[in-house]
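Chemist: sequence plus the predicted model coming up.
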Amino acid sequence: THQAGSSISVTLGEGGAPHDGGHCQFALLYDNGNMFVVLSTVKRECLRAEGLSYTVPIPAGAPSGDAIFSWSWINAVGSREYYQDCGDVTIQGADGGSLTGPQLLVVNAPPSTVIVPGECPLLGLDFYRIE
């Protein structure tokens, strides 16, 4: 259970293949929603040595209710792979509150039809300019 206006502390494990970092996003999805709303984005530095602990803010106007908290990652080096992990959370927020923001970036995984090829340094650099 987390209070709207507070933060969620996230520590990522030191997996054996960090692929020189990458792009990650933290997002929330409420039961009646149809898209994840991004709370925080880390470009290029996710899973690098300094990029294992994050403080993810929950907007003060977030509504009360059960939600899904998501972490997603697209690696920087090698074939572009998409990873995601989720957990159930309860937000204690404003009655009638709302959560708006950018939609979670999904590439190289259904239902998205956006494909980002790997092994291409120029595309890798451009890729991290995605807003």
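Modeler: Sure thing, it's come through.

Chemist: so which strand or helix has the residue nearest to the spatial centre of the chain?
Modeler: Geometric centre of the chain, nearest residue: residue 25, 2.0 Å, by Cα atoms, centre = their mean. Taking DSSP states H and E as the definition, residue 25 sits inside strand 22-30.

Chemist: residue 75 against residue 24, yeah?
Modeler: No - applying Cβ atoms under 8 Å, one finds residue 75 not in contact with residue 24, separated by 9.8 Å. Yep, even glycine has a C-beta here, placed from its N, CA and C like the rest.

Chemist: so which of those two has more stuff around it?
Modeler: More crowded of residue 75 and residue 24, by other Cβ atoms under 10 Å: residue 24, with 25 against 22.

Chemist: which residues in this structure form strands?
Modeler: In the chain, the segments counted as strands under DSSP state E are 2-3, 7-11, 22-30, 37-42, 53-57, 65-75, 82-92.

Chemist: out of those strands, the one nearest residue 101 is which?
Modeler: Closest approach to residue 101 among the strands of the chain is made by strand 37-42 (4.6 Å; Cβ to Cβ).

Chemist: circling back to that earlier point, out of the strands of the chain, deepest packed?
Modeler: Counting by mean count of other Cβ atoms under 10 Å, strand 22-30 has the highest mean neighbour count of the strands of the chain, with a mean of 23.

Chemist: show me the contacts for residue 55.
Modeler: 7, 8, 9, 10 (Cβ atoms under 8 Å, 6 or more residues apart in numbering).

Chemist: farthest-apart pair in the residues you listed, please.
Modeler: 7 and 10 (9.3 Å).

Chemist: so what's in contact with those two at the same time?
Modeler: 55, 56.

Chemist: strand 37-42 and the strand holding residue 25, what's the angle between them?
Modeler: 160 degrees (axes from the mean of the first three to the mean of the last three Cα atoms, to 10 degrees).
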